[in-house]
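# what's the 3D shape of this:
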Amino acid sequence: MEAGDEGIDRVVDSKDLQQQSKAFGKLTDRVEVRQLDSSRAQSVLFLSKFMLPLFVELPLALIAASAEVEKNAIILRFDFFFSFIISFL
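Numbering: from 1, shown residues only. The predicted model follows:
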């Protein structure tokens, strides 16, 4: 092997290492993006599982309960009104 051949081998090895480094960098970038996507998906799952019932279903249940209370109050008013009128007959 001549001295010039060693220099060529080093240049080729250096270029190969640079290409491998770039490929590895792209791969790690993709892994990071997938990890972020996974983290976002887990956040959405958490929100849909725990926060959605708190901020959507609970107020809807309160509205329904309020409507039920109002209905019962109207029935009681009518019962009282008609029993009051009947007491005079």
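# in what helix or strand does the residue nearest the centre of the chain lie?
Residue closest to the average C-alpha location in the chain (C-alpha atoms, centre = their mean): V44, at 1.0 Å. Under the criterion of DSSP states H and E, V44 resides in helix 3-46.
# any idea which helix or strand comes after that helix?
helix 52.
# quick one: name whatever helix or strand follows that following helix.
Using DSSP H and E, the helix or strand that follows helix 52 towards the C-terminus is helix 58-88.
# what mean pLDDT does that next one have?
Here helix 58-88 scores 84 as its mean pLDDT.
# next: stretch 18-25.
84.
# tell me the gap between that stretch and the middle of its chain.
In terms of C-alpha atoms, centre = their mean, to the nearest Å, the centre of stretch 18-25 is found 34 Å from the chain centre.
# relative to L62, how far out is the residue nearest to the centre of the chain?
Distance of V44 to L62, given as C-beta to C-beta, to the nearest Å: 25 Å. Where you see a C-beta, it was placed from the backbone N, CA and C, and this is true even at glycine.
# can you check Q19 too?
For Q19, the distance to L62 - C-beta to C-beta - is 63 Å.
# cool, A23 as well?
Taking C-beta to C-beta, one finds A23 at 57 Å from L62.
# same question for S83.
Taking C-beta to C-beta as the measure, S83 falls 31 Å from L62.
# do P53 as well
Taking C-beta to C-beta, one finds P53 at 12 Å from L62.
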